[in-house]
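Enquirer: my questions are about this predicted structure, shown below with the sequence.
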Amino acid sequence: MGVKAFATSAAISTAIAADITTLSSSVIAATGRFVVAFSGGSLPSIVAKDLAKSGAVDWTKWHVFLADERCVPNTHKESNYALIKQELLSKVPIPASQIHPINDALLVSQDGACSDQETAAIADDYKNQLVSLFGSEDKIVFDLVLLGMGPDGHTCSLFPKHHLLRVTSTPIAYLTDSPKPPPARITLTYPVLNASQHVWFVSTGEGKAQVLKEILVDGVEYPSGLGIRSIPTSLSQEADTNDYDLLNFLLDQPPVPQPLPTSFIDEQLDSLFTSSLIQAVAPIDASILGPGSPYLHSPPRLPHYLLPLLP
Ligand SMILES: O=C1O[C@H](COP(=O)(O)O)[C@@H](O)[C@H](O)[C@H]1O
């Protein structure tokens, strides 16, 4: 799959619903369950639009976690869970015990301005929710993580230049100084993102075009790009085609402001552009994502870059 550009976000909804349906069916057939982490922001409505209507998903086997969450009550307008519930969870029969919001009973503050101690308690509780499904911290492997991307290049609640970018000691970190309000949040950390079976970014709107170009074309370091940049260049020659859908970007426009026919994707671009993108990928930053990480279960695999790169 790799990077796919679509003419509209409605087209992304259709495509991602089909892809998630297919993926969840094959994972459920193999493992009996499908464990997915959702981001908030603009992603849930795009992902859920067609997916919620899919008759081919066995929702009873789904387990839903949050890729990141703002530390507000689960009914708050800033809650990622509230948004995902509104767009998808309220419309499909996933058993309540398999849906994992934060434990908002632990909140003292109701407006996202929590203390360190309060936010740490939310993160700790969320880690325990993960451990209760996966067995232990070092066995946390999502079947699919759905990531958004802010115009500043953040993903989850991993913000540019923030110290959480270097956290490898826990699957769930917390922050009380988010540059985007509300300030108190919890987030999956990079080792977990990189241990996931599939990581799909969904990015739409003109506001994201510049940062996407910088990440995918220029190789500028942003939190959303670190997953890409973690892939050792040495793997580029020996990538297994089965691994090609590890990391995808779905865009509703190409990352450079050029008109692009919607058919201008996939194989046609592969041979033309893959090599130049691989050259733009930096070697793994071992301090962030290296093989020593307790959450890295298998070597990072090479995504299939199909980027409509135009000079
Ligand atoms: O604050 C957040 O922002 C990002 C990006 O949101 P978007 O509206 O620009 O798509 C989101 O992925 C994350 O879950 C959320 O907490």
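Expert: Sure thing, it's come through.
Enquirer: what segments of the chain are helices?
Expert: Secondary structure of the chain by DSSP state H: the helices cover 9-31, 43-51, 80-87, 116-134, 190-195, 209-212, 223-229, 267-280, 286-289.
Enquirer: ok now the longest one, how far from the chain's centre?
Expert: A distance of 15 Å separates the centroid of the chain from that of helix 9-31, by Cα atoms, centre = their mean, to the nearest Å.
Enquirer: that one close to the ligand?
Expert: No - Helix 9-31 lies apart from the ligand when judged by Cβ under 6 Å from any ligand atom; the minimum separation is 10.9 Å. For the C-beta atoms, the positions are set from N, CA and C on the backbone; glycine is no exception.
Enquirer: now the angle from that helix to helix 43-51?
Expert: When axes from the mean of the first three to the mean of the last three Cα atoms, to 10 degrees is applied, the directions of helix 9-31 and helix 43-51 differ by 80 degrees.
Enquirer: from the chain's centre, how far out does stretch 51-64 sit?
Expert: The answer for stretch 51-64 is 19 Å, by Cα atoms, centre = their mean.
Enquirer: how close does the nearest residue to Phe159 once chain neighbours are set aside sit to His76?
Expert: Spatial nearest neighbour of Phe159, chain neighbours left out: Pro179 (5.4 Å); criterion: Cβ to Cβ, 6 or more residues apart in numbering. Pro179 sits 19 Å away from His76, going by Cβ to Cβ, to the nearest Å.
Enquirer: also Asp68?
Expert: Asp68 is 15 Å from His76, by Cβ to Cβ.
Enquirer: wait, isn't Phe134 in contact with Val141?
Expert: Yes - if you go by Cβ atoms under 8 Å, Phe134 and Val141 touch, sitting 7.2 Å apart.
Enquirer: one step back: next, count neighbours for the residue nearest to Phe159.
Expert: Pro179 has 14 neighbouring residues, counting by other Cβ atoms under 10 Å.
Enquirer: quick one: it from Lys161, how far?
Expert: From Pro179 to Lys161 the distance is 9 Å (Cβ to Cβ).
Enquirer: just the C-alphas of stretch 3-20, formatted as PDB.
Expert: Only the C-alpha atoms of stretch 3-20 are listed here, as PDB (Å, rounded to 0.1, in the frame of the first residue of the first chain):
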ATOM      1  CA  VAL A   3       1.300   6.400   0.500                       C
ATOM      2  CA  LYS A   4      -2.000   6.800  -1.300                       C
ATOM      3  CA  ALA A   5      -3.400  10.100  -2.400                       C
ATOM      4  CA  PHE A   6      -7.100  10.500  -2.900                       C
ATOM      5  CA  ALA A   7      -9.100  13.400  -4.400                       C
ATOM      6  CA  THR A   8     -11.400  13.800  -1.400                       C
ATOM      7  CA  SER A   9     -11.600  12.700   2.300                       C
ATOM      8  CA  ALA A  10     -14.800  10.800   1.300                       C
ATOM      9  CA  ALA A  11     -12.700   8.700  -1.000                       C
ATOM     10  CA  ILE A  12     -10.300   8.000   1.900                       C
ATOM     11  CA  SER A  13     -13.300   6.900   4.000                       C
ATOM     12  CA  THR A  14     -14.300   4.400   1.400                       C
ATOM     13  CA  ALA A  15     -10.800   3.000   0.900                       C
ATOM     14  CA  ILE A  16      -9.900   2.800   4.600                       C
ATOM     15  CA  ALA A  17     -13.200   1.100   5.400                       C
ATOM     16  CA  ALA A  18     -12.500  -1.600   2.900                       C
ATOM     17  CA  ASP A  19      -8.900  -2.000   4.100                       C
ATOM     18  CA  ILE A  20      -9.900  -2.200   7.700                       C
END
